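[1] I'll drop the sequence and a predicted model, then ask my questions.
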Amino acid sequence: MTIAFQISSVEEFNYHCCISLAKKYPGSTFLFISDNNALEHKLTNANIHFIPLHKSYFNFYWYNYKLTTLLKKNRVDFFFSNTHLCSSRSTINQFIIIDNPSLLKKSETKKSIAKADSIIVRNEYIKLLVLNAVNNINNKIALIPLGVSDILHAPDNNQKDIVKNKYTEGKDYFLIDSLSANEHQIIVQLKAYSLFKKWQKSNLKLLLVHTKKNEQVINKVITNYKYRNDVVLISTLDNEVISAAYAVIFFSEMYIIGNFILSAMRLQVPVIIPKDDYFISSFESTGLYFIENDKDLSEKMIDLYKNEEYRNKLITTAKNKVDLLEWDTIAEKVWGTIISPDI
């Protein structure tokens, strides 16, 4: 049996599932179909083979012609797309991922949903949207959440101190993901932190993750900011900075940050996330939800700071959830989809 996964990054759902399944099922052949040549060095088993692609935009033409030929040439039995698209011309079993509600407005998405053998969704919220968008597909929906790495472990106090000394002069800090935040959202973050500082008189710093795209906006906003000396700007959101945070506040688009939210929970760091149907459906009582304004966000920050028992309960609840979401467990759900398409 030959199973092909379209993969662009080591952070992707398809990458982790392919690696895990290849280890567990050595009798099957697995293909990395990728335009990222660096992934060729990430092959962990002899039964994984790398198929390089030229850098290109994976559009409707590519899926229906180039992909169809590639799958036939390699005698693929099952193909897992890493997007919302699949080939309408191929007769093999195909699986797509829908994790962004806006995609359901596109006609090409609906065509792929109708064609695919299974549609993988992350939560009940997305499942309902897909069912409402396309008729008679209830038996094709596979609810399979994102997984989290089992090598992540909460650091001890010494490890946390090393990170805090590196970024915030040894002080505790709120970590705010502003990778895709606009100017309004950045102002909301800073105002919320001001309110927190006003009422708590705390020395907690604010570690703010940005991109080159919004760095200029952030620098403009914080030039005359009262607590400018307590704000630290960094350009990379990674597990190191997450691991030592007092809490992580996420603003980015839902389908961008799922991995980081789960990593924070795995590292036993509380997460504060937008009060959005997608997040609530995905994380339930494991997250602390805020309405996107400075007053409500500051109240959530204060709640965590003032109530250590509540903070610890949030950490424990989240840990219990992510313990059930290790990638090997998620990959087995995918295997169930492969051997029994009629879910």
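    Perfect, I can see it now. Numbers count the residues shown, from 1 in each chain.
[2] show me what contacts Gly170?
    161, 164 (C-beta atoms under 8 Å, 6 or more residues apart in numbering). For glycine as for every other residue, the C-beta is placed from the backbone atoms N, C-alpha and C.
[3] neighbours of Ser28, how many?
    Residues lying near Ser28 (other C-beta atoms under 10 Å) number 16.
[4] wait, it touches Ile3, no?
    Yes - in terms of C-beta atoms under 8 Å, Ser28 counts as a neighbour of Ile3; the distance is 6.1 Å.
[5] between those two, what contacts are shared?
    The contact lists of Ser28 and Ile3 share Leu21, where a contact means C-beta under 8 Å, 6+ apart.
[6] how about low-confidence regions in this protein?
    55-58, 252-257, 339-343 (pLDDT under 70).
[7] and the helix ranked longest in it, C-alpha only, in CSV?
    When the chain is parsed with DSSP state H, its longest helix is helix 183-200. What follows is helix 183-200, C-alpha atoms only, in CSV (Å, rounded to 0.1, in the frame of the first residue of the first chain):
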residue,chain,number,x,y,z
GLU,A,183,-2.6,48.4,14.6
HIS,A,184,-5.9,48.3,16.4
GLN,A,185,-5.1,44.9,18.0
ILE,A,186,-1.6,46.1,19.0
ILE,A,187,-3.2,49.2,20.7
VAL,A,188,-5.7,46.9,22.5
GLN,A,189,-2.8,44.8,23.8
LEU,A,190,-0.8,47.8,25.1
LYS,A,191,-3.8,49.4,26.7
ALA,A,192,-4.7,46.1,28.4
TYR,A,193,-1.2,45.8,29.8
SER,A,194,-1.4,49.5,31.0
LEU,A,195,-4.6,48.6,32.9
PHE,A,196,-2.9,45.5,34.4
LYS,A,197,0.0,47.6,35.5
LYS,A,198,-2.2,50.3,37.0
TRP,A,199,-4.2,47.9,39.2
GLN,A,200,-1.6,45.3,40.1
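[8] packing partners for it?
    If you count contacts as 3 or more C-beta pairs under 8 Å, 6 or more residues apart in numbering; DSSP states H and E, helix 183-200 packs onto strand 173-177, strand 205-209, helix 212-222, helix 294-306.
[9] between helix 212-222 and it, find me the angle.
    Interaxial angle of helix 183-200 relative to helix 212-222 (axes from the mean of the first three to the mean of the last three C-alpha atoms, to 10 degrees): 50 degrees.
[10] strands of the chain, residue ranges please.
    For the chain, the strands defined by DSSP state E cover 2-6, 29-34, 48-52, 78-80, 93-98, 118-121, 141-143, 173-177, 205-209, 231-234, 247-250, 271-274, 288-290.
[11] what's the closest of these to Asn64?
    Asn64 lies closest, by C-beta to C-beta, to one member of these: strand 93-98, at 11.7 Å.
[12] need the CA coordinates for the closest one. CSV is fine.
    C-alpha atoms of strand 93-98 as CSV (Å, rounded to 0.1, in the frame of the first residue of the first chain):
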residue,chain,number,x,y,z
ASN,A,93,-8.8,7.8,-2.4
GLN,A,94,-8.2,11.5,-1.5
PHE,A,95,-8.4,13.4,1.8
ILE,A,96,-8.5,17.1,2.3
ILE,A,97,-8.3,19.4,5.3
ILE,A,98,-10.8,22.2,6.0
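[13] thank you, goodbye.
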